[in-house]
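need the 3D shape of this:
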Amino acid sequence: MVHAQFDNTARQALAAKAVDAKISKDLSWQQIAEAADLSVAFVTAAVLGQHPLPKASAEAVAELLDLDADDTMRLQTIPTRGSIPGGIPTDPTIYRFYEMLQVYGTTLKALVHEQLGDGIISAINFKLDVKKVADPEGGERALITMDGKYLPTKPF
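Below you'll find the model as predicted:
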C-alpha cells in the first residue's frame, strides 16, 4: 500500500539516522545508490527525505545501512517535500544556488520561454547529475546538469 506523510519530522529523523550510518560505515552516496540500483542523485534525495524509494531499493538501502523494518517502510513513504526552511538559506553551498537563481532565474525563464514556449520544466520527470571537471584556467569546476521534461501550458 502507498502511504504519504504530512509531517516530515519522522523522515528528518530517518535522514539523520541514515547519514550517521553512512558516515560510520564510511560509505559514499554512490555506493548507496549502487545498492539501490538507482541514480545517485535520486537515492541521495530519497535518503535525505525528498523521494520515496521503491520497495526493493528501500530494502537494499536499509540492509546496507543496518536500518530496521520501520525505517525500510518509511523510506517507501511519499514525503512532504522541501528540505530548505523558509527565508534565505544560510548554508554557503545552498546559498550559492539561491544566489544563482536570484541572478539568473529571470534569464533562465526568458530563455526557456523563448526556446520552448509557455510552460514549465518538470521536477518530477527530472534527472540531475553532478560532476567534477578540470578548469582550463586551473583548478576544478562543478558541472551540474538539470534535465527536466518540458510541460507546455495548455489553454482550457
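
report the central residue of the protein.
Centre of the chain computed as the mean C-alpha position; nearest residue by Cα atoms, centre = their mean is residue 45, 3.3 Å away.

what packs against the helix or strand of the chain with the lowest mean pLDDT?
The helix or strand of the chain with the poorest confidence is helix 92-116; it has a mean of 93 (mean pLDDT, DSSP states H and E). Identification of packing neighbours for helix 92-116 by 3 or more Cβ pairs under 8 Å, 6 or more residues apart in numbering; DSSP states H and E yields strand 119-134, strand 140-152. Backbone N, C-alpha and C define where each C-beta goes, glycine included.

TSV please, covering the ones you listed and showing mean pLDDT, mean neighbour count and distance to residue 75.
Listed next are these as TSV, based on pLDDT from 0 to 100; neighbours: other Cβ atoms under 10 Å; distance: least, Cβ to Cβ, whole Å:
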stretch	mean pLDDT	mean neighbour count	distance to residue 75
strand 119-134	96	12	19
strand 140-152	97	12	24
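
out of the ones you listed, flag the one nearest residue 65.
strand 119-134 (21.6 Å; Cβ to Cβ).

got the angle for the closest one vs strand 140-152?
160 degrees (axes from the mean of the first three to the mean of the last three Cα atoms, to 10 degrees).

let me know the helix or strand that the residue nearest to the centre of the chain is in.
helix 40-47 (DSSP states H and E).

tell me the helix or strand right after that helix.
Following helix 40-47 in sequence, per DSSP H and E, is helix 55-65.
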